[in-house]
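> Model the following, please.
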Amino acid sequence: MTQVSNYGCVLIKALSVEVKEVTLPVVGPENVMVKVESTGICGSDLHLYNHFGFGKVMMRKPNILGHESAGTVVEVGHNVTDVAIGDRVCIEPTMFCRKCHNCKIGKTNVCRNFRQAGMEPTPGTLQQYYVCESDFVVKIPDSLSWEEAGCIQPLAIAVQLAKRAKFAAGQTVAVFGCGPLGALVMATARAYGVSKIVAIDISQKRVDFAKSMWANYSFISPPRELPQDYPDWAAAFKDQVMKDAGLDPWGVDIAVEASGAEPCMHAGIAFTHPGGIYVQAGLGRAINSFPTVEVVAKELDVIGSVRYTAGCFQTAIDLVVSGKVDLKPLITAIFPLSRSTEALEAVQRGDDLKVVIMNQR
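Numbers count the residues shown, from 1 in each chain. Next comes the predicted model:
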């Protein structure tokens, strides 16, 4: 490939990014180079932006952000046979080792030695050109726009959650948090034939949007009035929602916590009927109070869901191409790479549902 410049969005320190020229990656024998066209911005990007780290893992030096990307293959290594120059692809940003115990049993999302684009020391995809091994890209059809393609990765996460939760026809599912993750979980639940979806958030705008797209019922989470404790608050909230929605007061089959907010964790457990499934997918504080006695008494299956496994990207692509999931209404703001700071600040404000950056602009 002819030598070209490569600009990327580099996280310098907390709350500070610079769009500047970065090293053009070298293509190895098993690699492909992707001319990146679009990158979705999500909560984990914002967490890195705010804290210059994630949880207890702090960054030691600047790094390129981004992990929800798609583009066109412009160069391939001499051993690559499954991808060709000109292919339109989504990038799988989690690179698993294929050798550890978890990889061998199919749990590649919790690979012992995984690397994640955008997490030190691995550069992110929010640059104009990105290099990875060829089996970490998935082909997409021409009918999928670049803006939509930049949202396939979070949809793949929702597909993984659907696997973990065992979404199926006839179920009633409550989703706490109507941000991008919660929205995509509801979209996937609807595509999988879930019968009734209850959307819950603190934002009227977001629950209204969820109701217009996928949810049968939508509710604003009420404030907890001190000295009321979480269990009493959650039980009262659940009783009111079940009554107002005309649902079985016993509870829902599956509760998905997609906000990371401690009150929603208590509410999710309260909403789930005995023998049901509670899925924790939202990321909030590292340590929260949790109603363990109720979990045991109701014999709930409490499940964590993170990233995606084999086939999730292809399923996500198929859901969009078939029309079962419409990503277009979720994309509420588009920025050029040169305005990455504005894009991150837009996510910070929370007014937009899904922000996408166009990497070549």
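> Contacts only, for the closest residue in space to Pro249 that isn't next to it in sequence.
Nearest non-adjacent residue to Pro249, counting by C-beta to C-beta, 6 or more residues apart in numbering: Met242, 4.7 Å away. Where C-beta positions appear, they are placed from N, C-alpha and C, glycine not excepted. The neighbourhood of Met242, defined by C-beta atoms under 8 Å, 6 or more residues apart in numbering, consists of 248-249, 251.
> ok but Met242 is inside a strand, no?
No. Remark: Met242 does not belong to a strand; assigned using DSSP: H, G, I helix; E, B strand; the rest coil, it is helix.
> Next one: Trp146, what pLDDT does it get?
Per-residue confidence at Trp146 stands at 98 (pLDDT).
> Got the phi and psi for it?
Trp146 adopts backbone torsions of phi -60, psi -40, taken as degrees, to the nearest 10.
> From Phe271, how far out is the residue nearest to Pro249?
Between Met242 and Phe271 the distance, using C-beta to C-beta, to the nearest Å, works out to 8 Å.
> between those two, what contacts are shared?
Counting by C-beta under 8 Å, 6+ apart, the residues touching both Met242 and Phe271 are Gly251.
> quick one: the helices in this protein?
Counting by DSSP state H, residue ranges of the helices within the chain are 43-51, 101-104, 146-149, 152-165, 180-191, 204-213, 230-245, 262-271, 292-297, 312-321, 340-349.
> hang on, isn't Lys324 packed against Ala191?
Yes. With contact defined as C-beta atoms under 8 Å, Lys324 counts as touching Ala191 (4.1 Å).
> who's more crowded, the two?
In this comparison of Lys324 against Ala191, neighbours counted by other C-beta atoms under 10 Å, the higher total goes to Ala191 at 23 against 13.
> pLDDT wise, what is the more buried one at?
What the model reports for Ala191 is a pLDDT of 98.
> which ones are touching it?
Ala191 neighbours (C-beta under 8 Å, 6+ apart): 319, 324-325.
> Please repeat the previous calculation with a cut-off of 10 Å.
Counting by C-beta atoms under 10 Å, 6 or more residues apart in numbering, Ala191 touches 155, 158-159, 162, 167, 214, 315, 318-320, 322-326.
> Low-confidence stretches in the chain?
Low-confidence segments of the chain, defined by pLDDT under 70, are located at 1-3.
> Recalculate using a threshold of 80.
Low-confidence regions of the chain, defined here as pLDDT under 80, cover residues 1-3, 55-57.
> List the residues that contact the closest residue to Leu337 other than its chain neighbours.
Distances taken as C-beta to C-beta, 6+ apart put Asn359 closest to Leu337, at 5.1 Å, once the chain neighbours are dropped. Contact analysis of Asn359 by C-beta under 10 Å, 6+ apart lists 7-9, 34-39, 66, 69-71, 125-130, 146, 150, 336-337, 340.
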